[in-house]
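A.B. asks: This is a predicted model, with the sequence first.
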Amino acid sequence: MGHGGPLATVATLNAVLLTVRDQMEALLRSEPGAPLTVNQLDLRSLFWPPQLS
């Protein structure tokens with residue numbers, strides 16, 4: 001198999017996680033394109049770990 005298989009698996013999982021995160025943020029927004037409020041960000045942390053800078 002080689003090293004491409006595990007890399008493709010990680011890339012696919014990453015794409016799925018980012019899609020889920022985007023969908024969760026869309027559900028939490030008060031309207032499309034609006035920034036998340038502090039309370040919405042607190043809720044988001046229940047579903048997604050904090051991002052590292």
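C.D. replies: Structure's in. What do you need?
A.B. asks: Flag the shaky bits of the chain, pLDDT-wise.
C.D. replies: Applying pLDDT under 70 to the chain picks out residues 1, 40-53.
A.B. asks: before we move on, which element is the residue nearest the centre of it in?
C.D. replies: Nearest to the mean C-alpha position of the chain, by C-alpha atoms, centre = their mean, lies Arg21 at 2.5 Å. Under the criterion of DSSP states H and E, Arg21 resides in helix 4-28.
A.B. asks: what packs against that helix?
C.D. replies: Secondary-structure packing of helix 4-28 (3 or more C-beta pairs under 8 Å, 6 or more residues apart in numbering; DSSP states H and E): helix 38-47. To be clear about C-beta, it is placed using only N, CA and C from the backbone, and glycine gets the same treatment.
A.B. asks: re the thing from before, buried residues, the helix holding Arg21. List them.
C.D. replies: Residues of helix 4-28 classed as buried: Leu28 (neighbour count, 16 or more other C-beta atoms under 10 Å).
A.B. asks: got the contact list for Ala26?
C.D. replies: Residues near Ala26 by C-beta atoms under 8 Å, 6 or more residues apart in numbering: Pro32.
A.B. asks: Tell me the spacing between it and Val16.
C.D. replies: 16 Å (C-beta to C-beta, to the nearest Å).
A.B. asks: On the three-state scheme, Glu31 is what?
C.D. replies: Following DSSP: H, G, I helix; E, B strand; the rest coil, the label given to Glu31 is coil.
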